[in-house]
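> Requesting a structural model of the entry that follows:
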Amino acid sequence: MLSAKNVKGEHQMKVGFIGIGLMGQHMVKHIINAGHDLVVYDLNKKATDEIVSMGATFADNPAQVAAMAEVIFTSLPRPQDVEEVTLGEGGILSGASKNTTHFDLSTTDPDTIRNISSLYQQKGATILDAPVSGGTVGSEKGTLCIMVGGDRSKYEKYKSVLDTMGSEIMFCGEIGSGAVCKIANNLIGMTLGVVLSEALSMGVKAGVEPMTLYKAISASTGNTAHMKSYPDTLFKGNFAPGFKLDLGAKDVGLATDLGRKLRVPMKVSNLIQQTYIDAQNKGLGEESTLAIAKLQEEISGVEIRDSTG
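Numbering: from 1, shown residues only. Below is the predicted model:
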């Protein structure tokens, strides 16, 4: 393990991390390479083999992670997974102490994280919502945007650990604020996926090559970061999951649910949600969110593939 002098912050910390999936597998490496003492847990123990070989300790359950670490990070697929890992049998709360601080990096709804926070407070522990944006590429490069809501003093205390994983770390406000920011961001991203699929299928069917469309749009007002990967993914028929369509559909649902609770009309967003449900029913849920284009390709009778080489 690297020495404490390599830590991006004031001192070496005992850090816990739960959820060594597509995102977590990269984030844990940044933490341990910064010199922190790391303890990890995942339901799939094999997923932790590489980071354990780098010096991390494997815990038997989330409660043991909490007992061994001063600050914990979780990266989990769904709000119900966050509830189970925090509040379930052998969960974080059962092993937490008065000084335990927990950053949830998952995309969840603000009500869930606020409910968990209220239970943590009864024990003197703290949870902050800290969802991330940037996908597997950002997690691998350590350039994620991390949106934090909750106790500002805890945010400041452990920001150096967040800095190992991201290049844009922002405090968004009270508990749940980070979740709201992330839900809004992902709603926009998932909507763009549908709109871009429609625009590109129209252009290709009209006789223009995908790369020509890409270059023209990239140099114009329609340019969007969402499209950057297309030459290496969509245009080549590469739908390997970096961010699964099932998770994108879940995030759109979080947005429409929140809008419904707040009585905010979201007509377009509800149509987008139905589009993702259609894609799930076509069996595309385990593929990348870019697979939403397959739905559009099917109904438009054209594939958005580059033939220029």
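> any chance you could map the helices in the stretch 101-250 of the chain?
110-123, 135-141, 152-165, 177-205, 210-218, 245-262 (DSSP state H, counting those that start in this stretch).
> Would you format the ones you listed as CSV with mean neighbour count and mean pLDDT included?
In this view, the C-beta of every residue, glycine as well, is placed from N, C-alpha and C. As requested, these are exported to CSV (neighbours: other Cβ atoms under 10 Å; pLDDT from 0 to 100):
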stretch, mean neighbour count, mean pLDDT
helix 110-123, 17, 96
helix 135-141, 18, 92
helix 152-165, 18, 97
helix 177-205, 20, 97
helix 210-218, 17, 97
helix 245-262, 19, 97
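> To residue 237, which of these lies closest?
Residue 237 lies closest, by Cβ to Cβ, to one member of the helices of the stretch 101-250 of the chain: helix 210-218, at 11.1 Å.
> Next, the angle helix 177-205 makes with that closest one.
130 degrees (axes from the mean of the first three to the mean of the last three Cα atoms, to 10 degrees).
> Adding distance to residue 129, write the helices of the stretch 101-250 of the chain out as TSV.
Below are the helices of the stretch 101-250 of the chain laid out as TSV (distance: least, Cβ to Cβ, whole Å):
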stretch	distance to residue 129
helix 110-123	4
helix 135-141	18
helix 152-165	11
helix 177-205	4
helix 210-218	33
helix 245-262	12
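> For residue 303, find the nearest of the ones you listed.
For residue 303, the closest of these is helix 177-205, at 7.6 Å, according to Cβ to Cβ.
> rewinding a little: ok, which of the helices of the stretch 101-250 of the chain comes nearest residue 78?
Minimum separation from residue 78 across the helices of the stretch 101-250 of the chain (Cβ to Cβ) falls at helix 245-262, 6.2 Å.
> what's next to that closest one, contact-wise?
Residues outside helix 245-262 that contact it (Cβ atoms under 8 Å, 6 or more residues apart in numbering) are 77-79, 107-111, 180, 183-184, 186-187, 189-190, 193, 264-266, 269-270, 272-273, 276-277, 279-280, 284-289, 291-292.
> Buried among the residues you listed? Need that as a selection in PyMOL.
This is the PyMOL syntax for the buried subset of the contacts of helix 245-262, where burial follows 16 or more other Cβ atoms under 10 Å:
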select buried, resi 77+78+79+107+108+109+110+180+183+186+187+189+190+193+266+269+272+273+276+279+280+284+285+287+288+289+291+292
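> Domain ranges for this protein, per the record?
According to automatic domain parsing, the chain comprises the domains 4-175, 181-300.
> Could you check how far stretch 301-309 is from the centre of its chain?
Per Cα atoms, centre = their mean, to the nearest Å, the displacement of stretch 301-309 from the mean C-alpha position of its chain is 30 Å.
> Let me know the average pLDDT across it.
The average pLDDT for stretch 301-309 rounds to 87.
> Can you classify residue 17 as helix, strand or coil?
At residue 17 the chain is in strand, as set by DSSP: H, G, I helix; E, B strand; the rest coil.
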